[in-house]
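Visitor: sequence? don't have it. structure:
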């Protein structure tokens, strides 16, 4: 198995785990049969605070005292520990009960790593989607109408946005608006679109004088159809390369802000906040607090860079139009 397949498989597992994190690692049941009927606490938790159990302080306490003779039962997630569930097992190393150990409040590190990876992937995917939605059309428009007033306006806009470093702009936005994932997506997406615009414009400049484009013009096809049906598919490889690099950069920025204490909040797990927590407790030998989230973040960024390198620009630009 080559490096590209390993990278794809690793990212697929990471994305699938992050997407299903509330149903894989949680301290509330997926389905619970109570005296009031069927309830779905884990699904309700996606919209906010999960519903309270019929009795007991937590769903686990209710589950332990559920009466089978009355038809009460619960289906717990495969890993029945939530990212914010506290316990008395404080700063414990890896064990059978907690394979990745616990933090300074007794929270399970494995559950927090899974949910933290979900947060990072959400920010990365949202950033790339927003940046691509802005940058690809503008880059195509500028490249197709090269050296005209449209191209000049897009280039001036690119120059303006390049004056704002993404990390410092994110710091300012988080300080004013709060560190929610939506804030990071909006800030990074409105800065990173310039990378898509520049690469797409350059590819369109190289394609606009190719024989298949000239033939399409001679046949009377509209500029919209030529750009979208004939030219845009030829820059797909370049767009994937830029998207992979930007996704890695967004994950690093999100983790950096969380490491500085400007993340999405105390109840939102983040790989960066876990690294900061490991730094604070390094003097007591709590190596598991920073090793495991650091490995996940490093491996995800490395896989994205491998995919970008293996899908290089020269090969993407050399496709023959169909």
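Guide: Looks like it came in fine. What you are looking at is a predicted structure, and each value in this text was computed from that prediction instead of being measured.
Visitor: where does the one residue sitting closest to the centre of the chain land in three-state SS?
Guide: The chain has residue 121 as the residue nearest its centroid, 1.7 Å off, counting by CA atoms, centre = their mean. Classification of residue 121 by DSSP: H, G, I helix; E, B strand; the rest coil places it in helix.
Visitor: list the contacts for it?
Guide: Residue 121 makes contacts with 14-15, 18-19, 251, 300, as judged by CB atoms under 8 Å, 6 or more residues apart in numbering. All C-beta atoms are positioned from the backbone trio N, CA, C, and that covers glycine.
Visitor: Narrow these to those that are buried.
Guide: When the contacts of residue 121 are checked for burial by 16 or more other CB atoms under 10 Å, the buried set is 14-15, 18, 251, 300.
Visitor: farthest pair in the contacts of residue 121?
Guide: In terms of CB to CB, the contacts of residue 121 reach their longest pairwise distance at 19 and 251, which sit 15.4 Å apart.
Visitor: Which of the buried ones among the contacts of residue 121 fall in helices?
Guide: Among these, the ones falling in helices (DSSP state H) are 14-15, 18, 251, 300.
Visitor: and which of these is nearest residue 40?
Guide: The nearest member of those to residue 40, counting by CB to CB, is residue 18 at 20.7 Å.
Visitor: ok, now which ones touch that closest one?
Guide: Here residue 18 is in contact with 114-115, 117-118, 120-122 (criterion: CB under 8 Å, 6+ apart).
Visitor: how does it look with 6 Å?
Guide: Taking CB atoms under 6 Å, 6 or more residues apart in numbering, we find residue 18 in contact with 117-118, 121.
Visitor: Dump those into a markdown table; add distance to residue 191 as well.
Guide: Shown next, in a markdown table, are the contacts of residue 18 (distance: CB to CB, whole Å):
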| residue | distance to residue 191 |
| --- | --- |
| 117 | 23 |
| 118 | 23 |
| 121 | 19 |
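Visitor: Could I get the residues you listed in a markdown table, plus columns for pLDDT and distance to residue 230?
Guide: Formatted as a markdown table, the contacts of residue 18 follow (pLDDT from 0 to 100; distance: CB to CB, whole Å):
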| residue | pLDDT | distance to residue 230 |
| --- | --- | --- |
| 117 | 91 | 39 |
| 118 | 89 | 39 |
| 121 | 91 | 33 |
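Visitor: I'd like the ones in helices among the buried ones among the contacts of residue 121 laid out as JSON lines, including distance to residue 309 and pLDDT.
Guide: Output for those, formatted as JSON lines (distance: CB to CB, whole Å; pLDDT from 0 to 100):
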{"residue": "14", "distance to residue 309": "19", "pLDDT": "91"}
{"residue": "15", "distance to residue 309": "20", "pLDDT": "91"}
{"residue": "18", "distance to residue 309": "23", "pLDDT": "87"}
{"residue": "251", "distance to residue 309": "17", "pLDDT": "93"}
{"residue": "300", "distance to residue 309": "15", "pLDDT": "94"}
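Visitor: ok, of those, which one's closest to residue 184?
Guide: Of all these, the one with the least separation from residue 184 (CB to CB) is residue 251, at 10.5 Å.
Visitor: before we move on, the earlier item: dump the ones in helices among the buried ones among the contacts of residue 121 to JSON lines, plus distance to residue 228.
Guide: Listed next are those as JSON lines, based on distance: CB to CB, whole Å:
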{"residue": "14", "distance to residue 228": "32"}
{"residue": "15", "distance to residue 228": "28"}
{"residue": "18", "distance to residue 228": "32"}
{"residue": "251", "distance to residue 228": "31"}
{"residue": "300", "distance to residue 228": "32"}
